[in-house]
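[1] Model the following, please.
(one chain, ligands or ions: 2)
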Amino acid sequence: MGKRVYIETYGCQMNEHDSERILRLLEGSHYLETKNAQEADFILINTCSVREKPEHKVYSALGRFKWLKEKRGAVIGVAGCVAQQEGDRLLDRIPYLDMVIGTHAIPMLPQLLQKIEVSGERVCETGFDPEGNYLKTILPQKPLDKVRSYVTIMQGCDHFCSFCIVPYVRGRERSRPSREIIEEVERLVEMGVKEVCLLGQNVNGYGKGLKEEIRFSELLRRINDIDGLDRIRFTTSHPRDLSDELIQAYSNLSKLCEHIHLPFQSGSDKILQAMHRGYTKASYLEKIDCLKRVCPSIAVTADVIVGFPGEEEKDFEETLNLIQKVRFDDLFSFKYSPRKGTRAAQFTDKVEEKVKQDRLSVLQEIQKEITLQKNQEWEGRVEEVFVEGRSKQSPQDLTGRTRSNKIVNFEGSLDLVGKTVPIKILKAYPHSLRGEIQRLEFGRPPQ
Ligand code: SAM
Ligand code: SF4
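    Ligands and ions are numbered 1, 2, ... in the order given. Below you'll find the model as predicted:
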C-alpha cells in the first residue's frame, strides 16, 4: 500500500506552489497526500521567514507533531525559507526532526526521503543550485482537480531591499527559459487548466541572465497565444522595473486580467530610500496614473510596511496620503519585522512596538473603508466570472473571480466549474461580492 504525506504550508504563493510541486514529485515515489497529519508517514512543514510571526509558527508546528514521530515513527521534515536559513541548526535544536530541505533542493526530496527510510540518518540539504534544476517543470502525475494553476517563471531576487530576507533564502534572481514555461502552460491547459498565475519575486525582471533575448512583456504575449487558455495573471511586480511595454500589455493582450499587485512599502521618500527601493512616491504615483490611462478598469493591490526604522509621524502621513490618492482595491499591510542578516536589522532608529501597532490599526481602518467602497462600485454590474469551484464558506454556493480578481459567490451547479459565466453583482462585502447568474450577454453599464 502507498504511503501518506501531509504538508503544512506557511507564507506566500511561492510556498503554496512549492508544496504542490513537492506533492507531484512524491506521487512518483508512491506517496499520496493526506489532509490528516495523524495518518501521515511523512510530515513536511513548508516554512516562511519573511516576518517573525510565520517563522515562529514552525516551532509550534514541530511541537504539535512530536507525538506522531513517537507513536507512528513518522518522518518529519522542514522545507522552505526557515530551512534554508537555519540549516543544521534546526537539526541540533529539534532532536526528533529528520530532514531539513532548502529552497533549491526540492528535486532531491524523494532520494533524501528514501535515505532516511533506509538508514534512519538525519539529513540537511541547503546548497544553492547554480544549474537552476530546482526550477524545472514538475507536472502532475494524476488528473488535475483544478482549473487554475501557478507557474513559476523565475525565482530569487537581486534587489536586496534593506528589510527583506528573500535574496538570502531564495538566492539570486534566476529566470526559466521561455520554452520550458510555454510547454508547462500548454501541458496544464491539456489537463483542463484555464487560468495561470505566473510567479516570481520580481516578474518584471524576467529574462535577465537567459541565453535568449526576452522580456516579460514578450513572454506574456507568447502565453496569450496559447489556445484553450482563458486568463493570465502574474505576481509580484516591482515598481522600479515596471516597464512601458508591460503597462501596454494591459491594452494589447486579451487574456491578461485587469489587476496588478504593485507593492509600494512606504509613501515617504526618506523611508523608500532607506529601504533601498529605487523609486519615489511621485514616480510610483506616475506609474499608477499610466496604468489607469492604459487600462481604466484595472484593479490595484499592494503591500505596505509600517514602523520601518526612522519612520516619523510625517513619513507615516505620506503613506496614508499615497493610500488615499491611489485608493487601492486591497492592501496587505505589515508591521516592520527585523530580519537577521538584512541591512535594516542593524539600523538603530527603531520605532516602538506600540507606535507600529497604532499606525497599522489606523492604516487598516482607512483601507477597510476604501476596499468596501471599491467593492460597492461593482454592485449592479454584470461581470465575467471564472468559476473555480465550491465556496468554502457555504457549500451550496460556487465561487469564482472577476477579471479584476474580486471573489464572487453565487448559487449554481458544479458543471459550471472551469467556465466563465455572466454574473450580476448584487451586494458588496469587505472581502467578496455576492451575485447571481445573468442569462443576458456580458457588458458593463456606462461608468
Ligand atoms: N517581491 C515583492 C516586492 O518587491 O514587493 C515582495 C515579496 S515579500 C515576500 C512580500 C511582502 O512582505 C513585501 O512586499 C513586504 O511588504 C513584506 N515584508 C518583507 N520583509 C518584511 C519585513 N522584514 N517586515 C515586514 N514586512 C516585510
Ligand atoms: Fe524582497 Fe525587495 Fe526582492 Fe521584493 S524586491 S523580494 S521586497 S528584496
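
[2] Pull up the residues of the chain that are close to ligand 2.
    Listed as neighbours of ligand 2 in the chain under the rule C-beta under 6 Å from any ligand atom: 157, 159-161, 164, 166-167, 201-202, 238. Every residue, glycine included, has its C-beta placed from N, CA and C.

[3] list the buried ones in stretch 19-38?
    For stretch 19-38, the neighbour count (16 or more other C-beta atoms under 10 Å) marks 19-27, 29, 31, 33-34, 37 as buried.

[4] before we move on, the earlier item: filter the residues of the chain next to ligand 2 down to the ones close to ligand 1.
    The overlap between the residues of the chain next to ligand 2 and the neighbourhood of ligand 1 (criterion: C-beta under 6 Å from any ligand atom) consists of 164, 166, 201-202, 238.

[5] Rebuild those residues as JSON lines, extending it with secondary structure.
    As requested, these are arranged in JSON lines below (DSSP: H, G, I helix; E, B strand; the rest coil):
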{"residue": "164", "secondary structure": "coil"}
{"residue": "166", "secondary structure": "helix"}
{"residue": "201", "secondary structure": "coil"}
{"residue": "202", "secondary structure": "coil"}
{"residue": "238", "secondary structure": "coil"}
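
[6] Return the residues in contact with residue 14.
    Applying C-beta atoms under 8 Å, 6 or more residues apart in numbering, one finds that residue 14 lies in contact with 152, 155, 170, 199, 201.

[7] again, only this time at 7 Å
    Under the criterion of C-beta atoms under 7 Å, 6 or more residues apart in numbering, the contact partners of residue 14 comprise residue 199.

[8] Let me know the secondary structure of it.
    Here residue 14 takes the helix state, with states given by three-state DSSP.

[9] what's the distance between it and residue 436?
    With distances taken as C-beta to C-beta, to the nearest Å, residue 14 is found 36 Å from residue 436.

[10] repeat for residue 280
    Using C-beta to C-beta, one obtains 45 Å as the distance from residue 280 to residue 436.

[11] Among those two, which residue is more densely surrounded?
    Residue environment comparison for residue 280 versus residue 436 gives the larger neighbour count to residue 280, 15 against 12, counting by other C-beta atoms under 10 Å.

[12] Wait, that one touches residue 271, no?
    No - assessed by C-beta atoms under 7 Å, residue 280 is found out of contact with residue 271, at 10.9 Å.

[13] ok, then the element right after the biggest helix by length in the chain?
    The helix spanning the most residues in the chain, taking DSSP state H as the definition, is helix 353-376. Under the assignment DSSP states H and E, the closest C-terminal helix or strand after helix 353-376 is strand 382-390.

[14] Nearest to ligand 1: which residue in the stretch 1-150 of the chain?
    The nearest approach of the stretch 1-150 of the chain to ligand 1 comes at residue 50, 4.5 Å away (C-beta to the nearest ligand atom).

[15] Name the nearest residue to that residue, sequence neighbours excluded.
    Nearest non-adjacent residue to residue 50, counting by C-beta to C-beta, 6 or more residues apart in numbering: residue 165, 6.1 Å away.

[16] Residue 198 too?
    Spatially, and ignoring its direct neighbours in sequence, residue 198 is nearest to residue 234 (4.1 Å; C-beta to C-beta, 6+ apart).

[17] Pull the residues that contact whichever helix or strand that neighbour is part of.
    For residue 234, the host element (DSSP H and E) is strand 231-235. Counting by C-beta under 7 Å, 6+ apart, the neighbours of strand 231-235 from elsewhere in the structure are 13, 194-199, 203, 220, 223-224, 255-257, 259, 261, 386.

[18] Now with 8 Å, please.
    If you take C-beta under 8 Å, 6+ apart as the criterion, strand 231-235 is touched by 13, 148, 153, 194-200, 203, 216, 220, 223-224, 253, 255-257, 259, 261, 386, 403, 405.

[19] Show only the entries of the residues you listed found in helices.
    By the criterion of DSSP H, membership of those in helices covers 13, 216, 220, 223-224.

[20] List only buried entries from these.
    With neighbours counted using 16+ other C-beta under 10 Å, the ones in helices among the contacts of strand 231-235 contain these buried positions: 216, 220, 223.

[21] any chance of those in CSV, with pLDDT too?
    Written out in CSV, the entries for those read as follows (pLDDT from 0 to 100):
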residue, pLDDT
216, 97
220, 98
223, 98
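
[22] and which of these is nearest ligand 2?
    Using C-beta to the nearest ligand atom, residue 216 comes nearest to ligand 2 of these, at 14.5 Å.

[23] With adjacent residues omitted, what lies nearest to that closest one?
    In this structure, residue 216 finds its nearest non-sequential neighbour in residue 206, 3.9 Å apart by C-beta to C-beta, 6+ apart.

[24] Flag every buried residue along stretch 6-20.
    By 16+ other C-beta under 10 Å, the buried positions in stretch 6-20 come out as 6-12, 14-15, 17-20.

[25] Filter those down to just the ones in helices.
    Cross-referencing these with the helices (criterion: DSSP H) gives 14-15, 17-20 as the overlap.

[26] now those as a markdown table including pLDDT?
    A markdown table is the format used below for those (pLDDT from 0 to 100):
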| residue | pLDDT |
| --- | --- |
| 14 | 90 |
| 15 | 92 |
| 17 | 93 |
| 18 | 93 |
| 19 | 95 |
| 20 | 92 |
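
[27] Ligand 2: which of the residues you listed is nearest?
    Ranked by distance to ligand 2 (C-beta to the nearest ligand atom), these are led by residue 14 at 9.9 Å.

[28] what's in contact with stretch 207-224?
    153, 158, 173-175, 177-178, 181-182, 185, 196, 198, 203-206, 229, 232, 234, 243, 245-246, 248-249, 252-256.

[29] Now list the buried members of the residues you listed.
    For these, buried by 16+ other C-beta under 10 Å: 153, 173-175, 178, 181-182, 185, 196, 198, 203-206, 229, 232, 234, 246, 249, 253, 255-256.

[30] what residue ranges in the stretch 1-150 of the chain score low on pLDDT?
    1 (pLDDT under 70).

[31] Where do the strands of it begin and end?
    Secondary structure of the stretch 1-150 of the chain (DSSP state E, counting those that start in this stretch): strands located at 3-9, 31-33, 42-47, 75-79, 99-101, 123-125, 148-152.

[32] Write out the residues of the stretch 301-447 of the chain neighbouring ligand 1.
    Looking at ligand 1, the residues of the stretch 301-447 of the chain close enough under C-beta under 6 Å from any ligand atom are 303, 305, 334, 336-337, 339.

[33] which ones among those are found in strands?
    The strands in this structure, assigned by DSSP state E, contain 303, 305, 334 from those.

[34] who wins for most neighbours among those?
    Note: the member of these with the most neighbours is residue 305, at 26 neighbours, neighbours being other C-beta under 10 Å.
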